[in-house]
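A.B. asks: This is the structure alone, sequence omitted:
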């Protein structure tokens with residue numbers, strides 16, 4: 001997943017039991033099919049080249065069982081580590097905060113929620129019968145990917161949609177070596193976690 005045609009559109013499936021989604025580029029070409037394995041003690045996500053799951057591209061695996069500050073490692077099919085995403089537990093209680101590490105486990109990027117109130121109102125509305133059907137159209141959490149020098153590199157945003165199942169990843173500046181792959185894998189894992197939170 002390098003040199004993709006942005007923005008990318010992520011669409012969650014609502015007809016399957018597993019928590020999975022399709023990533024398509026600006027031309028509508030499928031670039032990844034992300035499938036979260038269900039009923040596992042240690043979280044594991046597989047990224048395939050398309051919906052037929054003919055080729056495994058990456059695996060994202062947690063280092064711990066049900067840990068609030070788990071680390072999720074990205075590996076390719078040969079088992080080589082490409083990077084990690086770490087949810088910062090207490091920091092993420094109010095405002096989602098994740099760190100993306102490079103293949104040497106060095107801090108590389110930060111993912112921060114732009115407006116935590118959007119998620120709060122979205123979750124509240126989601127609990128009200130009938131009105132919950134509208135929640136996907138009213139509040140749209142967004143997350144900024146930032147370099148240590150403060151440069152915003154990319155942005156993930158929830159889009160208006162039935163059941164809140166559509167998200168968009170925008171590229172805001174040129175990527176440095178290895179950033180694109182780590183950002184996409186980090187955001188894919190993050191959105192699975194954040195979507196469960198509301």
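C.D. replies: That came through fine. Keep in mind it's a predicted model, so treat the numbers as computed, not measured.
A.B. asks: alpha carbons only for contacts and neighbour counts from here, please
C.D. replies: Fine.
A.B. asks: tell me which residues in the longest helix along the chain are buried?
C.D. replies: Identified as the longest helix of the chain according to DSSP state H is helix 179-197. Using 16 or more other CA atoms under 10 Å as the test for burial, helix 179-197 gives 179-192.
A.B. asks: burial of the closest residue to residue 56 other than its chain neighbours, as a residue count?
C.D. replies: Among residues not flanking residue 56 along the chain, residue 48 sits closest, at 4.5 Å (CA to CA, 6 or more residues apart in numbering). By the criterion of other CA atoms under 10 Å, residue 48 has 20 neighbours.
A.B. asks: re earlier: helices and strands around the longest helix of the chain, which ones?
C.D. replies: In terms of contacts (3 or more CA pairs under 8 Å, 6 or more residues apart in numbering; DSSP states H and E), helix 179-197 is packed against strand 81-87, strand 97-101.
A.B. asks: Could you check how far residue 36 is from residue 114?
C.D. replies: 26 Å (CA to CA, to the nearest Å).
A.B. asks: So if I had to pick from these two, which one is more boxed in?
C.D. replies: For residue 36 versus residue 114, neighbours defined as other CA under 10 Å are more numerous around residue 36 (19 against 15).
A.B. asks: ok, the more buried one touching residue 18?
C.D. replies: Yes. Look at residue 36 against residue 18 with CA atoms under 8 Å: they come within range, at 6.4 Å.
A.B. asks: intersection of neighbour lists for those two?
C.D. replies: With contacts defined as CA atoms under 8 Å, 6 or more residues apart in numbering, no residue is shared by residue 36 and residue 18.
A.B. asks: name the element residue 57 belongs to?
C.D. replies: Using DSSP states H and E, residue 57 maps to strand 56-62.
A.B. asks: residue ranges with poor pLDDT in the chain?
C.D. replies: 15-17, 41, 65-68, 89-94, 116-139, 161-164, 196-198 (pLDDT under 70).
A.B. asks: can you give me the helices for it?
C.D. replies: Along the chain, counting by DSSP H, helices occupy 116-126, 135-138, 179-197.
A.B. asks: chain center to the longest one, what's the gap?
C.D. replies: What separates the centre of helix 179-197 from the centre of its chain is 2 Å, taken as CA atoms, centre = their mean, to the nearest Å.
A.B. asks: contact partners of it?
C.D. replies: With contacts defined as CA under 8 Å, 6+ apart, helix 179-197 is touched by 1-3, 19, 34, 45, 60, 72, 74, 82-85, 96, 98, 100, 102, 145, 156.
A.B. asks: Much appreciated, bye for now.
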